[in-house]
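Trainee: curious how this folds, go ahead:
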Amino acid sequence: QVQLVESGGGLVQAGGSLRLSCAASGLTFSSYFMGWLRQAPGKEREFVAAVSWNIGMTYYADSVKGRFTISRDNAKNTVYLQMNSLKPEDTAVYYCAAASRVPRTIKDYAYWGQGTQVTVSS
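Mentor: Numbering: from 1, shown residues only. Next up, the predicted model:
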């Protein structure tokens, strides 16, 4: 049974930082493309960042480039999202997700965590 468990969310002031973690189990972690996606109230779920199997390639939404950094530790079956210079518009539920092939759309992610709330106050 595949499980993705996010942690590290919380309330932070604008300009602050948070580090999200996602611990994976029940899958061959190093064989999966890992991503972070988010969903704000009343909005569709959107892509934030992704990292390839071998850590060689990272991808970011334009809205977070230069502020967020995705990384993974295959030895710990964990993917991270370091979020700096947070803005109120970053407020959302953040989800960790796994894809067995290069994800072109959100639907390509086969496994999802339960999400962790990030709230940025102005």
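
Trainee: so who does the residue nearest in space to the middle of the chain touch?
Mentor: The centroid of the chain falls nearest to Trp36 when counting by C-alpha atoms, centre = their mean (2.1 Å). Residues near Trp36 by C-beta atoms under 8 Å, 6 or more residues apart in numbering: 20, 22, 48-50, 70, 79, 81, 94-97. Every C-beta, even on glycine, is put in place using the N, C-alpha and C of the backbone.

Trainee: hmm, 7 Å instead?
Mentor: By C-beta atoms under 7 Å, 6 or more residues apart in numbering, the residues touching Trp36 are 20, 48-49, 70, 81, 94, 96.

Trainee: bridging across strands, which residues link to it?
Mentor: Ala49, Cys96 (DSSP bridges).

Trainee: please renumber the chain so that the first residue is 18 from this point on.
Mentor: I'll keep to 18 as the first residue from here, and by that count the last item is Trp53.

Trainee: in the protein, which spans are strands?
Mentor: 20-24, 27-30, 35-42, 50-56, 63-68, 75-77, 85-90, 95-100, 109-116, 128-129, 133-138 (DSSP state E).

Trainee: list just the one of those that sits closest to Thr122.
Mentor: strand 63-68 (8.6 Å; C-beta to C-beta).

Trainee: dump the strands of the chain to CSV, plus mean pLDDT and distance to Thr122.
Mentor: Below are these laid out as CSV (pLDDT from 0 to 100; distance: least, C-beta to C-beta, whole Å):
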stretch, mean pLDDT, distance to Thr122
strand 20-24, 97, 19
strand 27-30, 98, 29
strand 35-42, 98, 20
strand 50-56, 97, 11
strand 63-68, 96, 9
strand 75-77, 95, 13
strand 85-90, 96, 18
strand 95-100, 98, 19
strand 109-116, 98, 10
strand 128-129, 98, 14
strand 133-138, 98, 22
